[in-house]
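Q: Here's my sequence, what's the structure:
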Amino acid sequence: MINYDPRKISIKVYTNLKEVKDSTQDSKHHDEQKNQAVELYTYISTWGLLRLKGEDAALVNQAQKQKVVRCFFKTLNQLVFPNDRSNPLEGSAGLERLTGMSASEYLGVTGVALQVAREFSFWAESLYAKQKTSNIMSG
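A: Residues are numbered from 1 along each chain as shown. Model prediction:
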């Protein structure tokens, strides 16, 4: 069981999401990434963690959204299974891991996932913030 420290979640989300943003050279894709990161909480609370894992494969033609979903599962994996080097929530094995969990384990992981998704939404607004240009007219 992990020791709950909200700073640990926040730092991990910030670091991983910043890595996704920084690895995307074309800034026109940043809006797509930001929107996906902001929508994670609503998606999980509506459809569940299992459906989001299934969505990963369905996003094959939407690479920027897929990057964010994969970053989410990488982050969740690092927080829930920090000592497991096999990355049980990443890739196709992640779907098998989620379906094989007991109901209480799945609900616990979903609770952590919702907190991680809230952090994704917060950090997306900060990391992908548009620079406002000031049009000050002198009179």
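
Q: OK, contacts around Leu98?
A: The neighbours of Leu98, taking C-beta atoms under 8 Å, 6 or more residues apart in numbering as the test, are Leu49, Leu50, Lys53, Leu89, Tyr106, Val109. Bear in mind the C-beta positions are built from the backbone N, C-alpha and C, glycine included.

Q: Can you name every helix or strand that the top helix by length along the chain contacts?
A: Looking across the chain with DSSP state H, the single longest helix is helix 103-127. The helices and strands touching helix 103-127, judged by 3 or more C-beta pairs under 8 Å, 6 or more residues apart in numbering; DSSP states H and E, are helix 6-23, helix 30-47, helix 49-58, helix 63-80.

Q: ok, now with 10 Å
A: With contacts taken as 3 or more C-beta pairs under 10 Å, 6 or more residues apart in numbering; DSSP states H and E, helix 103-127 sits against helix 6-23, helix 30-47, helix 49-58, helix 63-80, helix 91-100.

Q: Just the C-alpha atoms of the first one, please, in CSV.
A: Output in CSV follows, covering the C-alpha atoms of helix 6-23 (Å, rounded to 0.1, in the frame of the first residue of the first chain):
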residue,chain,number,x,y,z
PRO,A,6,-0.5,14.7,-2.2
ARG,A,7,2.8,16.4,-3.0
LYS,A,8,4.1,13.1,-4.3
ILE,A,9,1.1,12.8,-6.7
SER,A,10,1.4,16.4,-7.8
ILE,A,11,5.2,16.3,-8.4
LYS,A,12,4.9,13.0,-10.4
VAL,A,13,2.0,14.4,-12.5
TYR,A,14,3.8,17.6,-13.2
THR,A,15,7.1,15.9,-14.1
ASN,A,16,5.5,13.3,-16.5
LEU,A,17,3.0,15.8,-18.1
LYS,A,18,5.8,18.3,-18.7
GLU,A,19,7.9,15.6,-20.3
VAL,A,20,5.0,14.9,-22.8
LYS,A,21,4.6,18.6,-23.5
ASP,A,22,8.3,19.2,-23.9
SER,A,23,8.7,16.2,-26.3
